[in-house]
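K.L.:
Could you work out the structure for the sequence below:
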Amino acid sequence: MIPRRTICALSLLPALGGCIAAAIPIAASSAIVRKGMEEKRDQRVARTKPARPVATQVQGAPADGRWQVMPGVTALPAPDGTFPTARPATSAPAPSAPATTVPEAMQYLYGSGEGAAGSIQAYRGLTRYLADIVVHGRKDRLRQVILSDGASLNAPQFEPCGPKPLAIVLDIDETVLLNLGYEADAARRGESFDAARWERWEQTGADKIVAVPGAKMAVDAARGSGITVIFNSNRTAQSAAQTEAALDFAGLGPARHGSTLWLKGDDGGGSAKDDRRWAIASGYCVIALVGDQLGDFSDLFNDPKLTPSTRRALAGSVDLAGLWGNGWFMLPNPVYGSALKGGFDDIFPVTTRWADPAEEKK
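P.N.:
Residues are numbered from 1 along each chain as shown. Coordinates of the predicted model:
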């Protein structure tokens, strides 16, 4: 574990220093609460037309033969004049048909040339960055790119490496592996994430994946330069052997659980990754982090008090902007994860709203 002390904030390269602090205000997000409809019949919006009550003469009705409406009765009385208890019609829902179209986000990530180009671009940048470190980096001046224990996003700080061997740390799912088998099944079902199904996927889907475009090139280049490749994933430790097999199948291995493969449950920290990162950094100089979620770089980004707009501002702040492509490498993932949050006002600030002049004239 890295000592609980602070060093100097990273600026542009791990070898450079400089401490800059900038406070980013946390914007308060507004919630719109919709009141439930009152239970008055004239205010309801029914999706189906309700059954009409039956109007009939009943025992005890007025002798003049006037009709009496019996609310809730949807059938004629039995010969003895008694009424059956009204029961709503029930039927088993028809099974949903398999989806025939692929969600747009999946089309982009798993099928498009644009998605492949973005991944290759990120990994080519990582390869160039590592080459610069190996050729020009002065090892005695290198710093970790893992935030120090006790640092903040407003005041990022990093530990010096000393004589530790170089390493890079990569997430797995949608960072180095594309889970084609699982996502195709999810797309056909049209369902949201299912934890139990995902566990079964970890156990049985090792040969239904492909490497993210560009990942093998970068991993091979790192190993060829004497840099250790370490994977840090929230796959479960119970599926360690299957995850090793998946990485081997994609041409990205070898990875060995307990040394170059770290999984959820290894440190008792659940899905948080900082403790695992600090444990890795205790034995290596981590010069690059690669992921598809901000949590792959620091758990501080996953603070539930941070609004989407604040997370975006922090990621682009003067203290952190210099890390992207320069120690931190982000892969595109529009399919799932912490990026897919935020209401209308979070995504589209009021100050940027535009109204079509042609519409205003109507």
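K.L.:
Tell me the bridge partners for H257.
P.N.:
Beta-bridge pairing for H257 (DSSP bridges): L261.
K.L.:
Just the pLDDT for it.
P.N.:
Note for H257: predicted pLDDT of 98.
K.L.:
you'd agree it is up against A237?
P.N.:
Yes - using CB atoms under 8 Å, H257 is in contact with A237, at 7.2 Å. Backbone N, C-alpha and C define where each C-beta goes, glycine included.
K.L.:
ok, now which ones touch the residue nearest to F301 when sequence neighbours are not counted?
P.N.:
Spatially, and ignoring its direct neighbours in sequence, F301 is nearest to L294 (3.6 Å; CB to CB, 6 or more residues apart in numbering). Contacts for L294 (CB atoms under 8 Å, 6 or more residues apart in numbering) come out as F301, N302, R311, A315, S338, A339.
K.L.:
Could you report the neighbour count for the residue lying closest to Q293 once chain neighbours are set aside?
P.N.:
Nearest residue to Q293 in three dimensions, chain neighbours excluded: G337, at 4.7 Å (CB to CB, 6+ apart). G337 has 16 neighbours, counted by other CB atoms under 10 Å.
K.L.:
wait, isn't G337 in contact with D292?
P.N.:
Yes - applying CB under 8 Å, one finds G337 in contact with D292, separated by 6.7 Å.
K.L.:
The contacts of L294 into JSON lines, with extra columns for pLDDT and secondary structure?
P.N.:
Below are those laid out as JSON lines (pLDDT from 0 to 100; DSSP: H, G, I helix; E, B strand; the rest coil):
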{"residue": "F301", "pLDDT": "97", "secondary structure": "helix"}
{"residue": "N302", "pLDDT": "96", "secondary structure": "helix"}
{"residue": "R311", "pLDDT": "96", "secondary structure": "helix"}
{"residue": "A315", "pLDDT": "97", "secondary structure": "helix"}
{"residue": "S338", "pLDDT": "93", "secondary structure": "coil"}
{"residue": "A339", "pLDDT": "94", "secondary structure": "coil"}
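K.L.:
what about G162, neighbour count?
P.N.:
Neighbours of G162 (other CB under 10 Å): 9.
K.L.:
Need the distance between the two termini of stretch 317-334.
P.N.:
22 Å (CA to CA, to the nearest Å).
K.L.:
What residues sit buried inside it?
P.N.:
317, 319-320, 322-323, 326-334 (16 or more other CB atoms under 10 Å).
K.L.:
and the two most separated of these?
P.N.:
Maximum pairwise distance among the buried residues of stretch 317-334 (CB to CB): 26.3 Å, between D319 and P334.
K.L.:
Rebuild the contacts of L294 as a markdown table, extending it with distance to A241.
P.N.:
Below are those laid out as a markdown table (distance: CB to CB, whole Å):
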| residue | distance to A241 |
| --- | --- |
| F301 | 31 |
| N302 | 28 |
| R311 | 35 |
| A315 | 35 |
| S338 | 28 |
| A339 | 31 |
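K.L.:
I'd say A167 and I280 touch.
P.N.:
Yes - the criterion here is CB under 8 Å, and A167 meets it with I280 at 7.0 Å.
K.L.:
what sits in contact with each of those two?
P.N.:
Taking CB under 8 Å, 6+ apart as the contact criterion, the common neighbours of A167 and I280 are I230, V286.
K.L.:
export the lengthiest helix in the chain as CSV, just CAs?
P.N.:
Identified as the longest helix of the chain according to DSSP state H is helix 113-136. Extracted in CSV, the C-alpha atoms of helix 113-136 (Å, rounded to 0.1, in the frame of the first residue of the first chain):
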residue,chain,number,x,y,z
GLY,A,113,-15.8,1.4,-38.1
GLU,A,114,-16.0,4.6,-36.1
GLY,A,115,-15.9,2.6,-32.8
ALA,A,116,-13.0,0.6,-34.0
ALA,A,117,-11.1,3.7,-35.1
GLY,A,118,-11.6,5.4,-31.7
SER,A,119,-10.2,2.3,-29.9
ILE,A,120,-7.2,2.0,-32.2
GLN,A,121,-6.5,5.7,-31.8
ALA,A,122,-6.5,5.4,-28.0
TYR,A,123,-4.2,2.4,-28.1
ARG,A,124,-1.8,3.9,-30.6
GLY,A,125,-1.6,6.9,-28.4
LEU,A,126,-0.7,4.6,-25.4
THR,A,127,1.9,2.9,-27.5
ARG,A,128,3.6,6.2,-28.4
TYR,A,129,3.4,7.3,-24.8
LEU,A,130,5.1,4.2,-23.6
ALA,A,131,7.8,4.5,-26.2
ASP,A,132,8.5,8.0,-25.1
ILE,A,133,8.8,6.9,-21.4
VAL,A,134,11.2,4.0,-22.3
VAL,A,135,13.4,6.1,-24.6
HIS,A,136,13.4,9.5,-22.9
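K.L.:
Next, the residues that contact it from outside, please.
P.N.:
14, 108-109, 142, 166, 168, 212-215, 217-218, 221-222, 225-227, 287-288, 290, 325-327, 329-332.
K.L.:
Now, of those residues, which are buried?
P.N.:
Buried among these (16+ other CB under 10 Å): 14, 108-109, 142, 166, 168, 212-215, 218, 221-222, 227, 287-288, 290, 326-327, 329-332.
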